[in-house]
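K.L.:
Sequence and predicted structure, then a few things I'm wondering about:
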Amino acid sequence: MFAAAAALVLSACNVVLGEEATTTVPDPTTTTTSSTTTTSSTTTTSTSTTTTTTIPPKLELTISGTGDVNLDPDYISAFRSNPYSYAWDEVRDILLADDLTVINLECAASDLGSPEPKAFTFRCPTESLTSLAPGGVDVASLANNHGGDMGKEALLDGRVQLEAVGVAPVGVGANTTEAGEPAFFDVNGWRVAVVGMGGVKPHNGWFATEDNPGMLNGDDIPTMVEAIEWAASQADIVVATIHWGVELDLTPRATDIEIADALIAAGADVIFGHHPHRLQPYEVRDGAAVFWSLGNFVWPTLSTLGRTTGVAQAVIQPDGTIDACLIPAFIEQPGQPWPTGERECVSDTLDTP
């Protein structure tokens, strides 16, 4: 499903045909006027050119991830009186200093459509999206329970709008294939693939099928495994950003752990989880950096636990070993996270923020 079409290369072969020459020897008793013909032979020499490709060395690589980002001014009133860049003012330096940043964009990233019949609907105006890349954001996942808040037309337009501002959209598409397509990046000698998926949905119609737009089905392990396996066949490092879990939980549930183990076995090296609106533990699990839930990030100041957040960082060494790190942060003002401490890393043990 996710495999690219193979290219057929044809080689043309030139064949040179030679004509046999016949020589007549004259009778020595006969006087003959001989006409001599000289034939010039032309030799063609082919020069073979060898192209040498230099493979860049793999250097240390830092991939950041955040929890829920919402730029809806009707939900975060601070954006009515401040520019949208305000959201990134205190974390911009961190996100610009890393090699790649992935966020969960918790809204319909389009001016099209109308609200779906659900309790909470969020729209990020297209003018807000211009703040993302200057804020250090490279990839935005729309595979969550708010990416489709304004309907399917707006969902697909969100992909277009993000690409227009230099941010790669993942996790949603016109069908399962497009929803599962990774965003690829070549950085520091590594080929990185980012795959988005979401299992929290208002109803099953939010999932992409072969003929239905939506998000990659984060409830179906075989579908997710297929997407990760294909990404792993094309890249050195695979990042999965996934909307899962239960709101307000402080630790992952058994179903989340089952999914994570399946994704790691399929080739995922980094997992950024989100949806519970709470910061959960992070760890290195079977060699992969797993952040079970990154909580809120650009969000209102609703509670102390809801304001406690961080910038997750998976640090990949040149030999491929991975550390899971977190820069702790707190949403000091509505819609504005502030770092509160130094980066803390683990390599092989569970760490609780």
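P.N.:
That came through fine.

K.L.:
wait, isn't Gln280 in contact with Ser293?
P.N.:
Yes - using C-beta atoms under 8 Å, Gln280 makes contact with Ser293 at a distance of 3.9 Å. Using the backbone N, CA and C atoms, a C-beta is placed for each residue, glycine as well.

K.L.:
between those two, which one's more packed in?
P.N.:
Ser293 (27 against 22; other C-beta atoms under 10 Å).

K.L.:
what sits against the more buried one?
P.N.:
Gly67, Gly245, Asp249, Pro252, Gly273, His274, His275, Pro276, Arg278, Leu279, Gln280 (C-beta atoms under 8 Å, 6 or more residues apart in numbering).

K.L.:
Is the fifth one part of a helix or strand, or is it coil?
P.N.:
Under DSSP: H, G, I helix; E, B strand; the rest coil, the three-state class of Gly273 is strand.

K.L.:
how close does it get to Ala78?
P.N.:
Using C-beta to C-beta, to the nearest Å, Gly273 is found at 26 Å from Ala78.

K.L.:
now swap in the third one and tell me
P.N.:
Relative to Ala78, Asp249 is positioned 28 Å away (C-beta to C-beta).

K.L.:
quick revisit: between Gln280 and Ser293, which contacts overlap?
P.N.:
Common contacts of Gln280 and Ser293 (C-beta under 8 Å, 6+ apart): Gly245, Asp249, Pro252, Gly273.

K.L.:
Output the helix or strand where Asp261 lies as CSV - backbone C-alpha positions only.
P.N.:
For Asp261, the enclosing helix or strand under DSSP states H and E is helix 254-266. Provided in CSV are the C-alpha atoms of helix 254-266 (Å, rounded to 0.1, in the frame of the first residue of the first chain):
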residue,chain,number,x,y,z
ALA,A,254,-2.0,-1.4,28.4
THR,A,255,-3.3,-0.7,24.9
ASP,A,256,-0.8,2.1,24.5
ILE,A,257,2.0,-0.1,25.5
GLU,A,258,0.9,-2.8,23.1
ILE,A,259,0.8,-0.4,20.2
ALA,A,260,4.2,1.1,21.1
ASP,A,261,5.8,-2.3,21.2
ALA,A,262,4.3,-3.2,17.8
LEU,A,263,5.6,0.1,16.3
ILE,A,264,9.0,-0.4,17.7
ALA,A,265,9.2,-4.0,16.4
ALA,A,266,8.1,-2.6,13.0
